[in-house]
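*Asks:* Would you be able to build a 3D model of this:
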Amino acid sequence: MARLDEQELAVAGVYARALLALASDRAEADQIEGELAELAGLLVGNPELESYLSSPLVDEEARTATLEKAFRTRANELVVNTLQVMHGKGRLRLLRALAEAYRLENEHRRGEVDVEVTTAVELSDELRRRLAVTASRYAGRTARLIEKVDAELLGGLVLKIGDRKIDSSLARQIHDAREGLFERASQELHGEKSYFDN
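*Replies:* You can find the predicted model right below:
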């Protein structure tokens, strides 16, 4: 699935926080997270449905009726009401962003955080456990590891916790060293002590 736009996530976050507040009052926060994840999966698998829900060419009343018929008896009423509010504001194109924003907000409520781990090879069980413990300590919340393998990474690993990136890869160190040497050579060439001085 394509990465969601940060601006879309920010706008969807407004709806997600309102929905989560209502869902938490009813002790339905996790259930609604599951329903939104299913809805997002449905949209990914049915681009025609996503297009129908978000197209400005579709009659508004017809779309309102479709939302009621398709979801009112199948989904939590808070989800359906949120869809109708978003429809009224012309923001149904943000449904997948809503699902992701809600997941992140609910994760935060539970004291959890996503931690992206990129390594050159798959993690062993022991290293996975140690990374989860270390990342949890660093973030102050329970880390949920999202693992990625990048064969181009020469060694080490890259951790991303929210907006913070912790990079210990050999490739990054080589790049930084190369940049440092280039900068030093440039200073020497333009300073009093040129490499070409005798």
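*Asks:* Let me know the next secondary structure element after the helix or strand hosting residue 144.
*Replies:* Using DSSP states H and E, residue 144 sits within strand 142-149. Per DSSP H and E, the first helix or strand lying C-terminal to strand 142-149 is strand 157-161.
*Asks:* So what are the sheet partners of that next one and their directions?
*Replies:* Strand 157-161 pairs in its sheet with strand 112-119 (antiparallel), strand 164-167 (antiparallel), by DSSP bridges.
*Asks:* can you give me how far that strand is from the chain middle?
*Replies:* How far strand 157-161 lies from its chain's middle: 14 Å, per C-alpha atoms, centre = their mean, to the nearest Å.
*Asks:* thought residue 4 was touching residue 96?
*Replies:* Yes. Counting by C-beta atoms under 8 Å, residue 96 is a contact partner of residue 4 at 6.5 Å. Bear in mind the C-beta positions are built from the backbone N, C-alpha and C, glycine included.
*Asks:* And the residue nearest the centre of the chain?
*Replies:* Nearest to the geometric centre of the chain sits residue 100, at 6.7 Å (C-alpha atoms, centre = their mean).
*Asks:* Phi, psi for that residue please.
*Replies:* Here is the backbone geometry of residue 100 (degrees, to the nearest 10): phi -70, psi -40.
*Asks:* about what we covered before: neighbour-wise, which of residue 4 and residue 96 wins?
*Replies:* residue 96 (22 against 17; other C-beta atoms under 10 Å).
*Asks:* And that one, how far from residue 16?
*Replies:* 12 Å (C-beta to C-beta, to the nearest Å).
*Asks:* Repeat that for residue 25.
*Replies:* Distance of residue 25 to residue 16, given as C-beta to C-beta: 15 Å.
*Asks:* neighbour-wise, which of the two wins?
*Replies:* residue 16 (26 against 10).
*Asks:* Pull the number of nearby residues for the nearest residue to residue 112 once chain neighbours are set aside.
*Replies:* Nearest non-adjacent residue to residue 112, counting by C-beta to C-beta, 6 or more residues apart in numbering: residue 142, 4.7 Å away. If you count neighbours by other C-beta under 10 Å, residue 142 ends up with 14.
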